[in-house]
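Visitor: 3D model of this:
(chains A and B)
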Amino acid sequence: MCSFHLLGRWSLRSFNELKKRWDDNVGCRRYHPGLLIKDAGLVLGADTILVRMGETRSGAKALAVEADRERLLSLLGVSYWDKVPPGIVKNIEKASEQWRRGERALAHIHLAFTGLPRLESTDDAYRRYLAEALLDDGLPPREMLAELGLGRTVRQLDKFDPDQPRVPAGSGHESGQWTADGSLASTSAGEDPASISADEDHRVQLAGDVIHVGVLVGVGHAYSPGEIPSTTCHYESAFGDFERYYLGIVKCPGIRRVP
Amino acid sequence: MPNNRKIDVFFSASAEDVIRRFMKVAERTMPNASLVPIILWSIGGKFTNKVTGEVTKLGPDVDVGAIDPKDLADELIVPMGGLKVAIRLPDELQAADRLKIDFSDGSFVVANN
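Guide: As a prediction, the model looks like this:
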């Protein structure tokens, strides 16, 4: 479950205390087999905190994904035994952004998009609990992963340079993105990050694709003897005009998604 | 007159996400209109690319629109979270006891099981 070297960091007494705490308290809690955002942060299993809850400069609650990136990947690496989806940090950043906006359902939809399998067993939760305790005890995440032989997760950590400038949380689409020169890594003093809307140009990007819409500009009806009449709705959009045909004489929606 | 027939409609997380995002865009596009989302089927269509002029024929599909509630006729109205969604589908589908609406690979998919 945990390598001998790692457990050797603790004295027998502190390990026994840890085990007792698990048996008495943590182990009997309700498990979260999937990712969940709670007041304390992003949790999994027996309330193991993968990412701690922080605050944006405007005081809004948001997951401290940037600060806890190594912790997150390490604990996921331990939980899913080195099989951490490469885009998972992005999903969690999007979930955090929605949480900050108060869109809790959307936040958890983004968590669902991570595609992580549910972890139902007590062993999974206990392993994660021990790993969390090691990290909280000051063990560097890379050292823990190396000891456990989780090389793939180590390589995922290596792709991330914590010193590279990043756009601050709460900056709409660009939140958390790396920047080449740090030019976007700060907002002007007094500027409320929440006021930087990703939606200003009539499009929204939440799940990785942008929704574009067309506006109804015309309606036509066709009647042919012996056939069912039909309706044609004409739309205009930024990308081009489109028509949709419907059976029968129907009302057209005023707005439709661009095909 | 909305259709009040009881039907169990289930929206997948991805379908609900797309509908909600679409409505956000729709509300910004027509801020003074009071629009409701509608899942509707069409028998075809065409798209003309504004830049290249290329015309693409569109096949039958199910997609989302936003409609003035006054324009609703006998569509099913089903709740989705705090939102009411109108559904205009072929009669065969609407006769089912249960509908599942999913969004996959950029398209809505409706199943009646």
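
Visitor: so who does the closest residue to chain A within chain B touch?
Guide: Taking C-beta to the nearest C-beta, chain A has its nearest neighbour within chain B at B:Gly65, 2.8 Å off. Using the backbone N, CA and C atoms, a C-beta is placed for each residue, glycine as well. B:Gly65 is in contact with A:252-257, B:37-38, B:40, counting by C-beta atoms under 8 Å, 6 or more residues apart in numbering or on different chains.

Visitor: For the spatially closest residue to A:Asp39 that is not a sequence neighbour, which residues are in contact?
Guide: Excluding the flanking residues, the one nearest A:Asp39 by C-beta to C-beta, 6 or more residues apart in numbering or on different chains is A:Met53, at 6.4 Å. When contacts are counted by C-beta under 8 Å, 6+ apart, A:Met53 is found next to A:39-41, A:61-64.

Visitor: can you rerun that using 6 Å?
Guide: Applying C-beta atoms under 6 Å, 6 or more residues apart in numbering or on different chains, we find A:Met53 in contact with A:40-41, A:61.

Visitor: What parts of the stretch 1-150 of chain A come near chain B?
Guide: By the rule C-beta under 6 Å from any C-beta of the partner chain, the part of the stretch 1-150 of chain A lying against chain B is A:109, A:112.

Visitor: if we can go back for a sec, just flag the most distant two among the contacts of B:Gly65.
Guide: Of all pairs drawn from the contacts of B:Gly65, the one with the longest distance (C-beta to C-beta) is A:Cys252 and B:Pro37, at 14.4 Å.

Visitor: Which SSE is immediately downstream of the lengthiest strand in chain A?
Guide: Looking across chain A with DSSP state E, the single longest strand is strand A:213-222. Later in the chain than strand A:213-222, the nearest helix or strand by DSSP states H and E is strand A:230-236.

Visitor: picking that back up, strand partners of the longest strand of chain A, parallel vs antiparallel please.
Guide: strand A:230-236 (antiparallel), strand A:255-257 (antiparallel) (DSSP bridges).

Visitor: Find the one among those with the highest mean neighbour count.
Guide: Ranked by average neighbour count under the criterion mean count of other C-beta atoms under 10 Å in any protein chain shown, the strands paired with strand A:213-222 are headed by strand A:255-257 at a mean of 26.

Visitor: What lies in contact with that strand?
Guide: Against strand A:255-257 from outside (C-beta under 6 Å, 6+ apart): A:213-215, A:235, B:22, B:26, B:29, B:63-66.

Visitor: Determine which two of these are furthest apart.
Guide: B:Thr29 and B:Asp63 (16.0 Å).

Visitor: Between these two, which has more neighbouring residues?
Guide: Remark: of B:Thr29 and B:Asp63, B:Asp63 carries more neighbours, 22 against 17, as counted by other C-beta atoms under 10 Å in any protein chain shown.

Visitor: Parallel or antiparallel, list what pairs with the strand or helix carrying the more buried one.
Guide: B:Asp63 is located in strand B:61-67, with elements delineated by DSSP H and E. Strand B:61-67 has the following strand partners under DSSP bridges: strand A:255-257 (antiparallel), strand B:36-42 (antiparallel).

Visitor: avg pLDDT for the next helix-or-strand element following that strand?
Guide: For strand B:61-67, the following helix or strand on the C-terminal side (DSSP H and E) is strand B:76-80. Averaged over strand B:76-80, pLDDT sits at 90.

Visitor: before we move on, what about stretch A:31-44?
Guide: Here the average pLDDT along stretch A:31-44 is 84.

Visitor: start to end distance for it?
Guide: By C-alpha to C-alpha, to the nearest Å, the extent of stretch A:31-44 from end to end equals 8 Å.

Visitor: Return the set of buried residues in it.
Guide: Neighbour-count burial for stretch A:31-44, counted by 16 or more other C-beta atoms under 10 Å in any protein chain shown, picks out A:31-37, A:41-44.

Visitor: so A:Leu106 sits in a strand?
Guide: No: counting by DSSP: H, G, I helix; E, B strand; the rest coil, one finds A:Leu106 to be helix, located in no strand.

Visitor: which non-adjacent residue is nearest it?
Guide: Nearest to A:Leu106 is A:Gln98, by C-beta to C-beta, 6+ apart, at 4.1 Å.

Visitor: same deal with A:Lys61?
Guide: A:Met53 is the one closest to A:Lys61 (C-beta to C-beta, 6+ apart), at 5.7 Å.

Visitor: Can you tell me the element that neighbour falls in?
Guide: strand A:48-55.

Visitor: that older thread, return the per-residue confidence for the residue nearest to A:Lys61.
Guide: For A:Met53, pLDDT reads 89.

Visitor: same deal with B:Asp68?
Guide: 92.

Visitor: how many neighbours does it have?
Guide: So B:Asp68, with other C-beta under 10 Å, has 14 neighbours.

Visitor: For B:Leu40, see how far away it is.
Guide: 14 Å (C-beta to C-beta, to the nearest Å).

Visitor: Equivalent analysis for A:Leu135, please.
Guide: 51 Å.

Visitor: what do you get for B:Ser12?
Guide: From B:Ser12 to B:Leu40 the distance is 18 Å (C-beta to C-beta).
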